[in-house]
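Peer 1: Structural data only, the sequence is not supplied:
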């Protein structure tokens, strides 16, 4: 009997294209047409960790994501990396969720799936980057959780000793399974899919669930289940001088250096 | 239970020393509490941290709820979250401010989820405002595409819990004449709090070399440095300015800088005397990382790049020309003048 491992992933816009993403100032809607999507980078570290644990103790790795229909691509990529099955929570009823409502949707799906020994998440996403869903989900599941994890050691089959990041240093934390672990970039180097593992994707199980399928009450998920909501998008008044230097390259640089001196910056 | 309507700041201490962000929260807490006419309180957990509690008073807390116990010496995930949720339920504050530190980012969501209430992450400002003519506390968070921010509100559930990005808000000024009440709360610490998860050790690792946070000058390269085939010129500029090199996320993702040198969301926040941004277009995820800088110089080839909205001095141009010229001109400045 091996370990049941769950990895939570999110499809996000590619960070190289962040400055091309626009917010519609009226609706607050994110306009990201044409922006390539990827698996959130730290979620790949989370998956890698799950796969390594499975390779060591045997078991099964399930990947789960909540998102629009195209989030299926992210799950397929995770299957190609070696996950055993994918679950996509896809329903308009999930839309507009804040982190608590997202954690709730995952909670109901997990309740339906059964017990897990280990749940891995990326510590934060590159888009909204709240780092909240992992700890909130653990709280709803009533299991222990650690954020910022850069190293995991099994002291026995039911106990982990992890190093979690602090601003200047780390904390050593002992955790009993079942547990939820949010990993950082330092923990491993995620593998790339191989030709063979890509071929195997078609044989693997992919489940699509709507809110009804997991018995999630409408008042706990999506916009309705979100205690917080966006109230608009505004220009940030940076209070900066915004002086653009004019002339040839040399003139621009000389003017800039002179201004830096006037401002006491050099 | 008593609905106190207070504003609470969760103090964070390591070995009795308050994290800077706690003082930043107190300055914002004071402004909000005065405007709303409510009490500003702080909560502190630890072991023998009475002196630290007094520091919270000197920095503006009118009350400090102090929970001391030998087993609370380090941050303990389940014990801290349960005890904190307990005092919150008892006193019912309306707003809770927590620093978005490595610990705060874990503690805040655990507590907010226990209370099934709203939580906003890494705010850069908080103020009382109106949405559709209804008064709300506005939580300002970084948005997308350059200098846009998003306003978040928590319309119904209380308390509203907010984490605040460290290094962005000003610190409260210390004044020993400030008076405040220290309320000792006997923490109901249970073995069960430590049976599933326990912090066993805290190891401090001072940063190698000059730390980014304490540098007077930070020179930060973005994806545009690609045209120069690497980072050596960034280092060259930093050397002349006596500064430290940093980079943006795309640069870190490519392994040009180590993770600890990334500026912006998920990375470092700096506030040096001079911040130089080279070849970065200026996504808000990046620019929130240097908002506290005194002077910002930006170089990018795209005149429409949002970075120029966030800079004091802007040079539009090709880095391959601008950077060598900038190094040259600064060298002249550094050389003693011939008379």
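Peer 2: Thanks, I have the structure now. Values in this document were obtained by computation on a predicted structure and should not be read as measured data. Numbers count the residues shown, from 1 in each chain, chains lettered A, B, ... in the order given.

Peer 1: I'd say residue A:85 and residue A:208 touch.
Peer 2: No - if you go by C-beta atoms under 8 Å, residue A:85 and residue A:208 don't touch, sitting 12.0 Å apart. (Each C-beta comes from the backbone N, C-alpha and C, glycine too.)

Peer 1: and these two? which has more neighbours close in?
Peer 2: Using other C-beta atoms under 10 Å in any protein chain shown, the more surrounded residue of residue A:85 and residue A:208 is residue A:85, with 17 against 14.

Peer 1: Quick check: phi and psi on that one?
Peer 2: When read as degrees, to the nearest 10, the backbone of residue A:85 gives phi -150, psi 160.

Peer 1: Check the one 3 residues further on too.
Peer 2: Dihedral angles phi and psi of residue A:88 (degrees, to the nearest 10) take the values phi -110, psi 120.

Peer 1: Run through the residues that contact it.
Peer 2: Contacts for residue A:88 were tallied using C-beta atoms under 8 Å, 6 or more residues apart in numbering or on different chains; they are A:64, A:65, A:66, A:67, A:69, A:71, A:72, A:75, A:206, A:207, A:208, A:209.

Peer 1: Of the residues you listed, which belong to strands?
Peer 2: A:64, A:65, A:66, A:206, A:207, A:208, A:209 (DSSP state E).

Peer 1: which of those residues lies closest to residue B:147?
Peer 2: Ranked by distance to residue B:147 (C-beta to C-beta), the ones in strands among the contacts of residue A:88 are led by residue A:66 at 30.0 Å.

Peer 1: Can you tell me the centre-most residue of chain A?
Peer 2: The geometric centre of chain A, computed from its C-alpha atoms, lies nearest to residue A:125 (C-alpha atoms, centre = their mean), at 4.0 Å.

Peer 1: would you say that one is within a strand?
Peer 2: No - remark: residue A:125 does not belong to a strand; assigned using DSSP: H, G, I helix; E, B strand; the rest coil, it is coil.

Peer 1: What values do phi and psi take at it?
Peer 2: Phi and psi for residue A:125, reported as degrees, to the nearest 10, are phi -90, psi 160.

Peer 1: Can you tell me how far it is from residue B:168?
Peer 2: Distance, residue A:125 to residue B:168, by C-beta to C-beta, to the nearest Å: 20 Å.

Peer 1: Same question for residue B:199.
Peer 2: Taken as C-beta to C-beta, the span from residue B:199 to residue B:168 is 28 Å.

Peer 1: Residue A:89 now?
Peer 2: Residue A:89 is 34 Å from residue B:168, where distance means C-beta to C-beta.

Peer 1: who has more neighbours, these two?
Peer 2: Taking neighbours as other C-beta under 10 Å, residue A:89 and residue B:168 compare with residue A:89 leading, 25 against 21.

Peer 1: Excluding chain neighbours, give the residue nearest to that one in space.
Peer 2: Counting by C-beta to C-beta, 6 or more residues apart in numbering or on different chains, residue A:66 is the residue found nearest to residue A:89 once chain neighbours are left out, at 4.1 Å.

Peer 1: residue in chain A nearest to chain B?
Peer 2: Of all residues in chain A, residue A:227 sits closest to chain B, at 3.1 Å by C-beta to the nearest C-beta.

Peer 1: same for the strand or helix carrying residue B:275, what does it pack against?
Peer 2: Counting by DSSP states H and E, the element that carries residue B:275 is strand B:274-278. Secondary-structure packing of strand B:274-278 (3 or more C-beta pairs under 8 Å, 6 or more residues apart in numbering or on different chains; DSSP states H and E): strand B:217-221, helix B:232-241, strand B:295-300.

Peer 1: that older thread, now do the contacts for the residue nearest to residue A:89.
Peer 2: Contacts for residue A:66 (C-beta under 8 Å, 6+ apart) come out as A:10, A:88, A:89, A:90, A:94, A:97, A:102, A:105, A:106.

Peer 1: Which of the residues you listed has the largest number of neighbours?
Peer 2: residue A:106 (28 neighbours).

Peer 1: just checking, that one touches residue A:89?
Peer 2: Yes - counting by C-beta under 8 Å, residue A:106 does reach residue A:89; the two are 7.5 Å apart.

Peer 1: Overlap in contacts, the two.
Peer 2: Counting by C-beta under 8 Å, 6+ apart, the residues touching both residue A:106 and residue A:89 are A:64, A:66.

Peer 1: phi, psi of residue B:243?
Peer 2: phi -110, psi -170.

Peer 1: Surely it and residue B:219 touch.
Peer 2: Yes - if you go by C-beta under 8 Å, residue B:243 and residue B:219 touch, sitting 5.0 Å apart.

Peer 1: Out of these two, name the residue with the larger neighbour count.
Peer 2: Taking neighbours as other C-beta under 10 Å, residue B:243 and residue B:219 compare with residue B:219 leading, 27 against 24.

Peer 1: wouldn't that one be in contact with residue B:240 here?
Peer 2: No - counting by C-beta under 8 Å, residue B:219 does not reach residue B:240; the two are 9.4 Å apart.

Peer 1: related to what we said a few turns ago, and residue B:271, which of the helices and strands packed on strand B:274-278 is closest to it?
Peer 2: Residue B:271 lies closest to strand B:217-221 among the helices and strands packed on strand B:274-278, at 9.2 Å (C-beta to C-beta).

Peer 1: does any part of the biggest helix by length in chain A sit near chain B?
Peer 2: In chain A, with assignment by DSSP state H, the single longest helix is helix A:41-57. Yes - Helix A:41-57 lies within reach of chain B by C-beta under 8 Å from any C-beta of the partner chain, at residue A:41.

Peer 1: Report all helices and strands that that helix contacts.
Peer 2: On a contact count with 3+ C-beta pairs under 8 Å, 6+ apart, helix A:41-57 meets strand A:3-8, strand A:59-66, helix A:72-81, strand A:118-122, strand A:179-183.

Peer 1: So what touches it?
Peer 2: Taking C-beta under 8 Å, 6+ apart as the rule, helix A:41-57 contacts A:2-3, A:5-10, A:15, A:39, A:59-61, A:63, A:78, A:81-83, A:118, A:120-126, A:152, A:154, A:157, A:181-185, A:187-191, B:253.

Peer 1: Figure out how far it is from the centre of its chain.
Peer 2: 14 Å (C-alpha atoms, centre = their mean, to the nearest Å).

Peer 1: Pull out the buried positions in that helix.
Peer 2: Across helix A:41-57, burial judged by 16 or more other C-beta atoms under 10 Å in any protein chain shown covers A:41-54.

Peer 1: what's the spacing between residue B:55 and chain A?
Peer 2: Counting by C-beta to the nearest C-beta, to the nearest Å, the separation of residue B:55 from chain A is 19 Å.

Peer 1: ok, the nearest residue to that residue once chain neighbours are set aside - how many residues close by?
Peer 2: Take residue B:55 and drop its neighbours on the chain: the residue closest to it by C-beta to C-beta, 6+ apart is residue B:18, 5.7 Å away. Here the count is done by other C-beta under 10 Å, and residue B:18 has 21 residues near it.

Peer 1: And residue B:18, its phi and psi?
Peer 2: The phi and psi torsions at residue B:18 (degrees, to the nearest 10) take the values phi -70, psi 140.

Peer 1: Not counting sequence-adjacent ones, nearest residue to the closest residue to chain A within chain B?
Peer 2: Of all residues in chain B, residue B:118 sits closest to chain A, at 3.1 Å by C-beta to the nearest C-beta. Distance criterion C-beta to C-beta, 6+ apart; nearest residue to residue B:118, sequence neighbours excluded, is residue A:227 at 3.1 Å.

Peer 1: Can you give me the distance of the one you found to residue B:36?
Peer 2: 20 Å.
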